[in-house]
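Peer 1: Okay, here's the prediction I keep looking at, along with the sequence it came from:
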Amino acid sequence: MNDRREQLKKRIIAAVVVFIVLFSVLGLIFGRKNTAFEQMIKETFQTIEYYVVKAPINFVNDIKNEYFEIRNAFKENEELRAVLDDYALIVAQNEALKKELNDITEIANIENVPVNFKKLNATVISRDIESWNSKFMINVGMQNGIEEGMVVLSNDGMIGKINSVSEFTATVSLLTAENGNTQTPVMISVNGSETDYAYGMLLNYDVSSGNFIVNMVEEVELSVGSKVFTSGLGGISPRGVLIGYVESYSTPDNQLLLRVEIKPSSNFNDINYVTVLQRSDSNE
Amino acid sequence: MNRQLPKMFILWFAFVIDSVATFFIPFDYSKSSVMVISYIGFMVFILVAKDLKEQESLLYAVLLGAYYSVLYTDSVYIYILIYAAVAYLANRLLKFKSTIIECTTFAVASILIKEIVIYLLMIVTSVTSLNVGAFILLRLLPTIGYNAVLFVFVYYIYNKHLKRIILM
């Protein structure tokens, strides 16, 4: 009798082990998102952790950084003064282009163009300890108008997309995620031109080269170093957000069109503050 | 229940320290430079598991494994199994009065196996394509070195201040 009970116990344990392994493997393969209950637990504990422990430490850290920044202010002022002349010219050009764009949209009766967007600044409140999936949580959510698929920026350009949203927080999936969850339509300036662009799709991140992989959707001649921007196609991301620069390109044997390697413009090291872009023609 | 609360708090706080350390240690998401993963919670759990009765340590393993999975790993529940296996082995292999060398060896071996198991899982499911050499040089060795050094402090603090609370 005891033997049978022991055997049953072993079978139950084996079944539970197999179930958990399968559940984990399938969850990773299909990119399972948290259930509402899991999200609630995660959000509650992470928010408590952030505001009770991390935020005060962050505050002290920011004060320390500001102190060092102020010490460097004189040197920075000298450098900035040197580029101020160029800046005035760029502002004037920008104003002229804005006016031109307004006139054209009025004439054509277009309410919104994909370069119009609103910015929302956010703070990173936690990241996965294991960090295999290149995700982190930010302190804005549905309450702030955040939606899945919105573009997330750091100082140097696009770094990822909103992967899931709850009431007060959102999870950002970085472009360095290797599972292709952050596919983004892009455009590449052709031979350095500011008006002529070729279109493609950013597929994933290649960890061995440290570059993004883009498949072009049209035949075109590119040059190394050309800027790569979001194309705004697909409706959620705005147009013209810098992603990186062309590092190399080739046509693989099994493809007709170019496969381009893009060197990221952003630094994916130590991300604490981000900006979420919301296209002004998207629903709030 | 009242006797369980201090244990739960100690273990929870160890994971909070991990989370805070993770938050403030710069981490390269492009996986092209050194990545250090803090395992203070896991190491405290090993020390607690060796001192508790088997049933109790397995219960904590399941609870903590689930907690860790949901909060810090995007709900990959395989951590429940890893924590349960570690609790079982810590209970069997480490004695109540194990030396620091025995405990450090066990903790380092556990972290090594945990990292390798998770790496294989990530490779199989195509979450990453980080090659073995880069994994060992950029992630495994720095993580083991960092946690082996930390374990000495964790062991000292645990034996000096926390053990009597755990055994209450």
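Peer 2: Structure received.
Peer 1: What count of nearby residues applies to residue 159?
Peer 2: Let's take chain A. 27 (other CB atoms under 10 Å in any protein chain shown). For every residue, glycine as well, the C-beta is placed using N, CA and C.
Peer 1: Hmm, no, I was thinking of chain B.
Peer 2: Neighbour tally, residue B:159, other CB under 10 Å: 13.
Peer 1: go on, residue A:64?
Peer 2: 10.
Peer 1: can you pull the buried residues of the longest helix seen in chain B?
Peer 2: When chain B is parsed with DSSP state H, its longest helix is helix B:100-124. Judged by neighbour count using 16 or more other CB atoms under 10 Å in any protein chain shown, the buried positions of helix B:100-124 are B:103-108, B:110-111, B:114-115, B:118-119, B:121-122.
Peer 1: do stretch B:156-168 as well
Peer 2: Those would be B:158, B:162, B:166, for stretch B:156-168 by 16+ other CB under 10 Å.
Peer 1: Give me the contacts around that stretch.
Peer 2: B:3, B:6-7, B:10, B:44, B:47-48, B:51-52 (CB atoms under 8 Å, 6 or more residues apart in numbering or on different chains).
Peer 1: Run a quick neighbour tally on the one residue in the stretch 101-250 of chain A that gets nearest to chain B.
Peer 2: Closest residue of the stretch 101-250 of chain A to chain B, CB to the nearest CB: residue A:129 (4.0 Å). Residue neighbour count, defined by other CB under 10 Å, stands at 21 for residue A:129.
Peer 1: and stretch A:264-272, how far apart are its ends?
Peer 2: With CA to CA, to the nearest Å as the measure, stretch A:264-272 spans 18 Å from end to end.
Peer 1: if we can go back for a sec, out of the buried residues of helix B:100-124, which is nearest to chain A?
Peer 2: Checking the buried residues of helix B:100-124 one by one against chain A (CB to the nearest CB), the nearest turns out to be residue B:122, at 5.0 Å.
Peer 1: follow-up on the earlier one: what does the residue of the stretch 101-250 of chain A closest to chain B show for phi and psi?
Peer 2: phi -60, psi -40 (degrees, to the nearest 10).
Peer 1: before we move on, back to that, just checking, what packs against the longest helix of chain B?
Peer 2: helix A:2-29, helix B:40-51, helix B:78-93, helix B:141-157 (3 or more CB pairs under 8 Å, 6 or more residues apart in numbering or on different chains; DSSP states H and E).
Peer 1: what is the mean pLDDT for it?
Peer 2: Across helix B:100-124, the average pLDDT comes to 94.
Peer 1: Identify all contacting residues around that helix.
Peer 2: Residues contacting helix B:100-124 (CB under 8 Å, 6+ apart): A:24-25, A:28, A:130, A:132, B:37, B:39, B:42-43, B:46-47, B:50, B:76, B:78, B:82, B:86, B:89-90, B:93-94, B:98, B:127-130, B:135, B:139-140, B:143-144, B:147-148, B:151-152, B:155.
Peer 1: Please apply the same query to stretch A:154-164.
Peer 2: A:33-34, A:39, A:134-135, A:146-153, A:170-177, A:181-182, A:184, A:230, A:237, A:241-244, A:264-268, A:271, A:273-276.
Peer 1: And the next helix or strand past the helix or strand that contains residue A:37?
Peer 2: Secondary structure assignment for residue A:37, by DSSP states H and E: helix A:36-49. For helix A:36-49, the following helix or strand on the C-terminal side (DSSP H and E) is helix A:55-71.
Peer 1: Residue A:183 against residue A:203, yeah?
Peer 2: Yes: counting by CB atoms under 8 Å, residue A:203 is a contact partner of residue A:183 at 6.0 Å.
Peer 1: one step back: which of the buried residues of stretch B:156-168 sits closest to chain A?
Peer 2: Closest to chain A, out of all of these and judged by CB to the nearest CB, is residue B:162, at 18.9 Å.
Peer 1: Please convert the buried members of the contacts of helix B:100-124 into PyMOL selection syntax.
Peer 2: Of the contacts of helix B:100-124, the buried ones can be selected in PyMOL as follows, counting by 16+ other CB under 10 Å:
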select buried, (chain A and resi 24+28+130+132) or (chain B and resi 37+39+42+43+46+47+50+76+78+82+86+89+90+94+98+127+128+129+130+135+139+140+143+144+147+151+155)
